[in-house]
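**Student:** Here is my input; please provide its structure:
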Amino acid sequence: MPQPSDSLDPFAPPAGFGKGPTAGPASTAGPGAIGNNPYQYRALELPELEWLRPSEPRAVAPARLRVLAAAGGSGLVSALVLGSGFGVNLLLCAVAGAVGAGMTALGTGRRITPWHLAFAVAALLLCLVPAVSGAGGAVALAVIAAICVGSLTLHGGARWVGVAMGSIGLWAHFLPGLAWGFRGLKERRFPAKARVGQVAKAVGVSLVLLVVFGTLFAGADSTVADLLDHLVPSLEVEETPMRFVCFAGGVLLALGAAHAAAAPRRWDRTRTPPGKERGRLEWAMPLAVMNLLFATFVVVQLVVLIGGYGSIMRRTGMTPAAYARQGFWQLLWIAVLTLAVVALAKYWAPRSSAGDRRLVKVMLGLLCTLTLVVVGTALVRMSLYMDAFGLTRLRVNVAAVEIWLGLVFLMVLFGSVLSARRWLPRAVVLSAALAVALFGLLRTDGLIADQNIDRYRTSANRLDVGYLRGLSVDAVPALDRLPDDLRTCVLQPIAAKLADEPAPAWYAMSRSEARAREILAAHPVVRDRGQACRRVGLVEALTEYP
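**Tutor:** Sure, this is the predicted structure:
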């Protein structure tokens, strides 16, 4: 199987690296080494490591002073602003760590492509979610996605293997990055030491002046004292161990990112054997059956759409919501399993002739097109279900996944028609990252509360008070619109939690939490031992619907 072109990975080592000379005396670089290159090994001596060879990173020079300074700055920022929660501080730490990685990439002559910029922007958007939303699930998902997308930004990758392994490859650079940084410090032999001393003196004098005059100004005016308390990170003695852990973590992450930018593992070079080519009949008949089944379903849906849901409801005796709930989950699984079928069919597809390749495009393109209609049908059914019972986290999450699956099928469809192998894996990952970021930035708990309260006010629908009590601080502005006892009942858990916890600094608090504290401070919630909930008829949480 021919190897993919080096142009697939813009962070690739120079041409010829790892290939070794074709002739000449053997080197004494080590057992099994070929020529003068210690990274190339004879496949006969180490056959079990053959598949790992393409992923070995290139050798790099010791870390430069500016990279070490950026890593130290990242650790300092982490020590000052992390430890008491997530907010804009996560974005500050991410930017500080990205500075060193960016300088390293530019210093080693790496070619920065639009894909790298797009992934970098997506990672920063994901790091912005904790500054906006106070929902723990959305924040955790955004942080995990940010780490994966940042890793892919540093490694590059165009094929599915490269994209998948590049998304988790950053973990392999933490310890080598730390050793790389120590080696850079050890081998530093020029007046940088004097420069570091000058910088340390300047920073020390500046801190002393800030402490002295800041203390005097704070004593002279209580407003200035309050402002300094909110702007300056607290440095309590009992917090020193946690500050040290945050500093070490910031340095380790920054050095790992810089090392990954300097020596990315070339996962795109990993050898993946092609699937065994199947005959036309053996391959096409199952797909033809699937296409026929999907087409039958689409025709039935068109008939239902033309005849109206009313006739179906009268004939079956079902409500629109029950009809929607009956089939949504099955349609979701159909979309997921079809994506797996498309991948396997592509793996075993006949490809010996132009006719075979044309048949593959037609069959898979038709299947993807019909699946898009299935996805649309599932979304219509979920819309009916939401209209009947309101929004919940699960319903919003599943609908978002369904929309993303439709986008993936659309990209697969265009990729099959245009034979675009290079952009499809990266486009799928980028779309997922942007979807997670958008999901967090929209603060879906607030949307859920708004929609349920609007339904309660404009119709005779029952308000699920027990479910609303479990929403995050994102929902406080919407819940504040409820009348007296309902407002007291649904806001009591959030009010009690915020009252029991001291307000974190501005950089460690989301905008939603800050807004919730403002609302509850202006209109406090009375702790009445559940009397308000009893008056609105809440005995237990009413979460009978998923």
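**Student:** element containing the residue nearest to residue 341 when sequence neighbours are not counted, please.
**Tutor:** Computed as C-beta to C-beta, 6 or more residues apart in numbering, the closest residue to residue 341 that is not its neighbour in sequence is residue 290, at 7.0 Å. In this view, the C-beta of every residue, glycine as well, is placed from N, C-alpha and C. Counting by DSSP states H and E, the element that carries residue 290 is helix 280-307.
**Student:** Quick one: list the elements packing against that helix.
**Tutor:** Packing contacts for helix 280-307, counted by 3 or more C-beta pairs under 8 Å, 6 or more residues apart in numbering; DSSP states H and E, involve helix 320-347, helix 354-389.
**Student:** related to what we said a few turns ago, which ones are touching the residue nearest to residue 341?
**Tutor:** 338, 341, 367 (C-beta atoms under 8 Å, 6 or more residues apart in numbering).
**Student:** Residue 102 versus the first one, what's the distance?
**Tutor:** Distance of residue 338 to residue 102, given as C-beta to C-beta, to the nearest Å: 40 Å.
**Student:** Counting neighbours, what do you get for residue 397?
**Tutor:** Here the count is done by other C-beta atoms under 10 Å, and residue 397 has 15 residues near it.
**Student:** What angle do helix 354-389 and the helix or strand containing it make with each other?
**Tutor:** Using DSSP H and E, the element containing residue 397 is helix 393-418. Helix 393-418 and helix 354-389 meet at an angle of 160 degrees, taking axes from the mean of the first three to the mean of the last three C-alpha atoms, to 10 degrees as the criterion.
**Student:** Return the residues in contact with residue 332.
**Tutor:** 378, 398, 401, 402, 405.
**Student:** re earlier: of the contacts of residue 290 - the most surrounded one?
**Tutor:** In terms of neighbour count, residue 367 stands highest of the contacts of residue 290 at 24 neighbours, by other C-beta under 10 Å.
**Student:** Run a quick check on residue 167 versus residue 148, I expect a contact.
**Tutor:** Yes - taking C-beta atoms under 8 Å as the definition, residue 167 is a contact partner of residue 148 at 4.3 Å.
**Student:** and the gap between the residue lying closest to residue 276 once chain neighbours are set aside and residue 283?
**Tutor:** On the basis of C-beta to C-beta, 6+ apart, the spatially nearest residue to residue 276 that is not a chain neighbour turns out to be residue 348, at 6.5 Å. Applying C-beta to C-beta, one obtains 6 Å for the distance of residue 348 from residue 283.
**Student:** In terms of packing, which of the two has more residues around it?
**Tutor:** It is residue 283, of residue 348 and residue 283, that has more neighbours when counted by other C-beta under 10 Å, with 19 against 14.
**Student:** Identify the residue nearest the more buried one in space, chain neighbours excluded?
**Tutor:** residue 350 (5.7 Å).
**Student:** what about the stretch 1-150 of the chain, any weak spots by pLDDT?
**Tutor:** Scanning the stretch 1-150 of the chain for pLDDT under 70 picks out the ranges 1-59.
**Student:** can you give me the helices in it?
**Tutor:** 65-81, 88-107, 114-132, 136-155 (DSSP state H, counting those that start in this stretch).
**Student:** Output the ones you listed as CSV; include the columns distance to residue 361.
**Tutor:** Compiled in CSV, the helices of the stretch 1-150 of the chain are given as follows (distance: least, C-beta to C-beta, whole Å):
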stretch, distance to residue 361
helix 65-81, 47
helix 88-107, 37
helix 114-132, 25
helix 136-155, 28
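**Student:** can I get those helices in TSV with distance to residue 382 and mean neighbour count?
**Tutor:** Compiled in TSV, the helices of the stretch 1-150 of the chain are given as follows (distance: least, C-beta to C-beta, whole Å; neighbours: other C-beta atoms under 10 Å):
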stretch	distance to residue 382	mean neighbour count
helix 65-81	40	22
helix 88-107	32	22
helix 114-132	24	21
helix 136-155	20	23
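**Student:** Residue 355: neighbouring residues, count only.
**Tutor:** The tally of other residues near residue 355 (other C-beta under 10 Å) stands at 10.
**Student:** quick one: residue 145 and residue 436 touch, right?
**Tutor:** Yes - using C-beta under 8 Å, residue 145 and residue 436 qualify as a contacting pair, with a distance of 4.6 Å.
**Student:** Report the set of residues contacting both of these two.
**Tutor:** Here residue 145 and residue 436 share the contacting residues residue 126, scored by C-beta under 8 Å, 6+ apart.
**Student:** Let me see the contact set for the nearest residue to residue 279 once chain neighbours are set aside.
**Tutor:** Nearest-residue entry for residue 279: residue 350, 6.6 Å, with adjacent residues in sequence omitted and distances by C-beta to C-beta, 6+ apart. Taking C-beta under 8 Å, 6+ apart as the criterion, residue 350 is in contact with 277, 278, 279, 280, 283, 356, 359, 360.
**Student:** What of residue 69?
**Tutor:** For residue 69, counting by C-beta under 8 Å, 6+ apart, there are no contacting residues.
**Student:** For it, give its distance to residue 79.
**Tutor:** Residue 69 sits at a distance of 16 Å from residue 79 (criterion: C-beta to C-beta).
**Student:** again, but for residue 348
**Tutor:** Distance, residue 348 to residue 79, using C-beta to C-beta: 54 Å.
**Student:** Export only the CA atoms of the helix or strand harbouring residue 243, formatted as CSV.
**Tutor:** Element membership for residue 243, per DSSP H and E: helix 240-262. Only the C-alpha atoms of helix 240-262 are listed here, as CSV (Å, rounded to 0.1, in the frame of the first residue of the first chain):
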residue,chain,number,x,y,z
THR,A,240,0.0,27.3,49.1
PRO,A,241,0.0,23.5,48.3
MET,A,242,-2.9,23.9,45.8
ARG,A,243,-1.1,26.9,44.2
PHE,A,244,2.0,24.8,43.8
VAL,A,245,0.0,22.0,42.2
CYS,A,246,-1.6,24.4,39.8
PHE,A,247,1.8,25.9,39.0
ALA,A,248,3.3,22.5,38.3
GLY,A,249,0.3,21.5,36.2
GLY,A,250,0.5,24.7,34.2
VAL,A,251,4.2,24.3,33.5
LEU,A,252,3.8,20.6,32.6
LEU,A,253,0.9,21.3,30.2
ALA,A,254,2.7,24.2,28.5
LEU,A,255,5.9,22.2,28.1
GLY,A,256,4.0,19.2,26.8
ALA,A,257,2.2,21.4,24.3
ALA,A,258,5.4,23.0,23.1
HIS,A,259,7.1,19.6,22.8
ALA,A,260,4.2,18.3,20.7
ALA,A,261,4.5,21.4,18.5
ALA,A,262,8.2,20.8,18.1
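**Student:** Noted, bye for now.
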